[in-house]
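Peer 1: generate coordinates for the sequence data below:
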Amino acid sequence: MRRLPMPILAYFAVMSALPLFMGTTGLFYDAFQAIFVFSLVGLGLNVVTGFTGLLNLGMAAFMAIGAYTFAILTSDIYPFQIGFWWGILATVAIGAVAGFLLGAPTLGLSGDYLAIVTMGFGEITLDVLKNLDAVTKGTQGINPLPRPTFGPWTLELQQERGWYWLLLGFVLLAVLAVRRLERSRSGRAWLSIREDALASQCMGIPPKRTKMIAFATGSALAALGGALFAALLSSTGEPASYDFQVSILALCIVIVGGMGSVAGTLVGAVVMVGMNSLVLVKLADWAGAAGVGNASNVLASPNNWKYLIFGLALILVVRLKPDGLLPPRLEGGSS
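Peer 2: From the prediction side, this is the model:
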């Protein structure tokens, strides 16, 4: 922890203190559960896009792979039933392998071409999940899923404060791992590839292998986020839960927070997911209670205004802070 930059330490200090003021249940916990899940997905994308400069529009697919892998390995309706913790470990490993398998034939591409391939992979994954009913249960989703156990104690779905601390712990582990990788030889190679792939190759850095490591790392983190998302619901949900909008949200988190910044990704998740799940929901409720707007009119409904406000806020952030809210130079990391 002592090697973490001050913005990251401040983030975890604030997140650790928040539950002391927010009771034990409610909308606050629902919002922050989503924030922590998408922080993991955003950290994975930050490794691929922020550190290595590869535009990946298929993070939702790896999140879906994680959710369904975890469900198949742990649900009572399948023969494996390896439990929550072993299921998490296996999901991270399989997510990394899936990233490796996608990256092997495609990482010779770059820019828009790689973005199109990863976007296509996301659509293919959704179609497979929908139509492979015998394994994935189609649009019904797989349930129930096991809950985490700590010796004789089981964390039940209703214990929202417990899930808050568990997810925050996973985010902390992911941050420590990503920061360690960033400062490792692989991390320096990622940054070198991002700045100039040809010059890096001339200096002896193998571009394809370096990109493969980044791709596998990012995919593993996205798969972890998917597994925890499924565990929170005790179901994978339907495949549409992992559509292209999820990949765009992950990309917005990285861009708004600051490309290549770990702390920025954490802040971006709070801003993007928190605004949508908490701030705008409360704003719409307040407007409805105050009699502002007309719920029966699509254009005048407060619930629809929140998307307008969300879009305007996103435009303002990108316009006023083009390098993100917390770029690497402010985080104290590599620029």
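Peer 1: helix, strand, or coil at Ser200?
Peer 2: Under DSSP: H, G, I helix; E, B strand; the rest coil, Ser200 falls in the helix class.
Peer 1: pretty sure it sits against Lys208.
Peer 2: No - contact criterion C-beta atoms under 8 Å: Ser200 and Lys208 do not qualify, at 11.4 Å. For glycine as for every other residue, the C-beta is placed from the backbone atoms N, C-alpha and C.
Peer 1: which of those two has more neighbours?
Peer 2: Ser200 (20 against 12; other C-beta atoms under 10 Å).
Peer 1: name the nearest residue to the more buried one, ignoring sequence neighbours.
Peer 2: Excluding the flanking residues, the one nearest Ser200 by C-beta to C-beta, 6 or more residues apart in numbering is Ser192, at 4.3 Å.
Peer 1: what do you get for Ala115?
Peer 2: Using C-beta to C-beta, 6+ apart, the closest residue to Ala115 is Leu55 (4.3 Å).
Peer 1: before we move on, the earlier item: pLDDT of the helix or strand where the residue nearest to Ser200 lies, averaged?
Peer 2: According to DSSP states H and E, Ser192 maps onto helix 185-195. In this model, helix 185-195 carries a mean pLDDT of 94.
Peer 1: please apply the same query to stretch 321-332.
Peer 2: Per-residue pLDDT values over stretch 321-332 give a mean of 87.
Peer 1: and that stretch, what's buried?
Peer 2: 323-328, 330-332 (16 or more other C-beta atoms under 10 Å).
Peer 1: hmm, who's touching it?
Peer 2: Under the criterion C-beta atoms under 8 Å, 6 or more residues apart in numbering, residues 5-8, 255-264, 267-268, 271, 317, 334-335 lie in contact with stretch 321-332.
Peer 1: change it to 7 Å
Peer 2: For stretch 321-332, the surrounding residues in contact (C-beta atoms under 7 Å, 6 or more residues apart in numbering) are 5-7, 255-264, 267-268, 271, 317, 334-335.
Peer 1: those in helices, which ones?
Peer 2: 6-7, 255-257, 262-264, 267-268, 271, 317 (DSSP state H).
Peer 1: what about the residue nearest the centre of the chain, which helix or strand?
Peer 2: Computing the C-alpha centroid of the chain and ranking residues by C-alpha atoms, centre = their mean puts Val41 first, at 1.8 Å. Val41 belongs to helix 27-45 when assigned by DSSP H and E.
Peer 1: before we move on, what about Phe121?
Peer 2: Using DSSP H and E, Phe121 falls within helix 111-131.
Peer 1: same for that helix, what does it pack against?
Peer 2: Secondary structure elements in contact with helix 111-131, counted by 3 or more C-beta pairs under 7 Å, 6 or more residues apart in numbering; DSSP states H and E, are helix 59-74, helix 84-106, helix 244-257.
Peer 1: most packed of these?
Peer 2: helix 59-74 (a mean of 29; mean count of other C-beta atoms under 10 Å).
Peer 1: pLDDT (mean, whole number) over that one?
Peer 2: For helix 59-74, the mean per-residue pLDDT is 98.
Peer 1: and if you look at stretch 237-253?
Peer 2: 95.
Peer 1: ok so, going back, what angle separates the helix holding Val41 from helix 59-74?
Peer 2: Orientation check (axes from the mean of the first three to the mean of the last three C-alpha atoms, to 10 degrees): helix 27-45 against helix 59-74 gives 110 degrees.
Peer 1: surely Thr210 is in contact with Trp190?
Peer 2: Yes - if you go by C-beta atoms under 7 Å, Thr210 and Trp190 touch, sitting 6.4 Å apart.
Peer 1: settle it for me: which of the two has more neighbours?
Peer 2: Trp190 (29 against 23).
Peer 1: for that one, give me its contacts.
Peer 2: Shown in contact with Trp190 (C-beta under 7 Å, 6+ apart): 51-52, 210, 214.
Peer 1: dump the residues you listed into JSON lines; add secondary structure, distance to Trp286 and pLDDT as well.
Peer 2: Shown next, in JSON lines, are those (DSSP: H, G, I helix; E, B strand; the rest coil; distance: C-beta to C-beta, whole Å; pLDDT from 0 to 100):
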{"residue": "Phe51", "secondary structure": "helix", "distance to Trp286": "40", "pLDDT": "97"}
{"residue": "Thr52", "secondary structure": "coil", "distance to Trp286": "43", "pLDDT": "95"}
{"residue": "Thr210", "secondary structure": "helix", "distance to Trp286": "50", "pLDDT": "94"}
{"residue": "Ala214", "secondary structure": "helix", "distance to Trp286": "43", "pLDDT": "96"}
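Peer 1: quick one: buried ones out of the residues you listed?
Peer 2: In the contacts of Trp190, the ones that pass as buried (16+ other C-beta under 10 Å) are 51-52, 210, 214.
Peer 1: can the residues you listed go into CSV with extra columns for distance to Leu145?
Peer 2: Formatted as CSV, the buried ones among the contacts of Trp190 follow (distance: C-beta to C-beta, whole Å):
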residue, distance to Leu145
Phe51, 32
Thr52, 33
Thr210, 36
Ala214, 30
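Peer 1: how about the contacts made by Met22?
Peer 2: Going by C-beta under 7 Å, 6+ apart, Met22 touches Phe28.
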